[in-house]
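**Student:** kindly return the folded structure for what I paste below:
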Amino acid sequence: MIARLAPLTLFAPLASFIDDVLNLDPLLFQLLLFGLLMGGIYALAALGLTMIFGVMDVVNFAHGSFLVAGMYSSWWVATTFGISPFLTILVAAFVLFGIGVIVSRLTIEPIIDAPEENQFIVTLGISFILLAAFELIWGADPRSLNLQMGEYELFGALLPATQLYALIISVAAIGASWVFLHYTELGRAIRATADNRDAAWYMGIDVPRIDYLTFGIGSAMAGLAGGTIILFSPFDPFVGETYLVMSFIIVILGGLGSFPGALVGGLIIGIIEAYGRYYLPGTVNEVLIFGLFVLLLYFKPTGLLGTEGEQ
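**Tutor:** Down below sits the predicted model:
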């Protein structure tokens, strides 16, 4: 067993972690499960962002606000009409698909070939508009569904039922998206456009149509993620910023445009966050996440599973 020396406070968290490993502390398994649960949610949140960038080469800075719009859509329908929040997740996805298509046709399509800073300004402006709308309509107070669904026990570790269901929904959505992209005509057209927009034109693919449908589908994924997150977590108009930053890290960590990469990146970030929050003081775990992000950018800029031209 490693002695915890008082002067070596900098290494105390590492010593504590190694102690737990050597003693096979059940807490390690509990933290691993929490990390996997949150990692799946993070992966779903990042999925729409990586899809839009992979096809349109547009970085959507409104992605976090779209996710919050999904939260409010699902919460409002569930609390107003008494519908199961598991069903209102689909409502959020449909609402955000419509918003995404409208935003794409009105704001993204005219600047699709413009410099990247134009896209940045437009999507950031959309984010500010949505944030102001959320505060105007619902205020800034936190909202929640207050679901009490119990826990499951797995090898002595406790799994909150709401988070487990959220993980199942996330994995199912990621799997369904992969199947859609690889085994449907529209999905193959989206992948062809992602590989080479000019070649897609010559093949007879309506690229502008693919663009707005892709933006709509990516926004729907954000809505789906938002509706899933509120099953276990309270939210407010500003929570989207956290998920936007995490989504960017996951997308780059896993590889731009890579769906498997988004899942792997999300799980890695979730596990680091779970262990970091327990063993490290304050928000040091965030420093660890950003440190990993910087190192990956330096040694493997394409991400863990990213390859040129992959979707």
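
**Student:** what distance do you get for residue 68 to residue 222?
**Tutor:** Applying C-beta to C-beta, to the nearest Å, the value for residue 68 to residue 222 is 9 Å. Heads up, the C-betas are built off the backbone N, CA and C, glycines and all.

**Student:** compare those two (neighbour count), which wins?
**Tutor:** Shown here are residue 68 and residue 222; by other C-beta atoms under 10 Å, residue 222 has more neighbours (37 against 27).

**Student:** how close does that one sit to residue 69?
**Tutor:** Between residue 222 and residue 69 the computed distance is 8 Å (C-beta to C-beta).

**Student:** shared neighbours of the two, anything?
**Tutor:** In terms of C-beta atoms under 8 Å, 6 or more residues apart in numbering, residue 222 and residue 69 are both contacted by the residues residue 96.

**Student:** where along the stretch 101-250 of the chain do the strands fall?
**Tutor:** For the stretch 101-250 of the chain, the strands defined by DSSP state E, counting those that start in this stretch cover 151-154, 157-160.

**Student:** highest average neighbour count across those?
**Tutor:** strand 157-160 (a mean of 16; mean count of other C-beta atoms under 10 Å).

**Student:** now it, how far from the centre of its chain.
**Tutor:** Offset of strand 157-160 from its chain centre (C-alpha atoms, centre = their mean, to the nearest Å): 22 Å.

**Student:** show me the shaky parts of the chain.
**Tutor:** 1-25, 282, 306-311 (pLDDT under 70).

**Student:** do a quick rundown of the helices in it.
**Tutor:** Applying DSSP state H to the chain gives helices spanning 12-22, 26-56, 63-81, 85-103, 116-138, 161-183, 185-195, 197-202, 207-229, 240-254, 259-279, 284-299.

**Student:** other SSEs contacting the second one?
**Tutor:** Same thing as helix 26-56. helix 12-22, helix 63-81, strand 157-160, helix 161-183, helix 185-195, helix 207-229, helix 240-254, helix 259-279 (3 or more C-beta pairs under 8 Å, 6 or more residues apart in numbering; DSSP states H and E).
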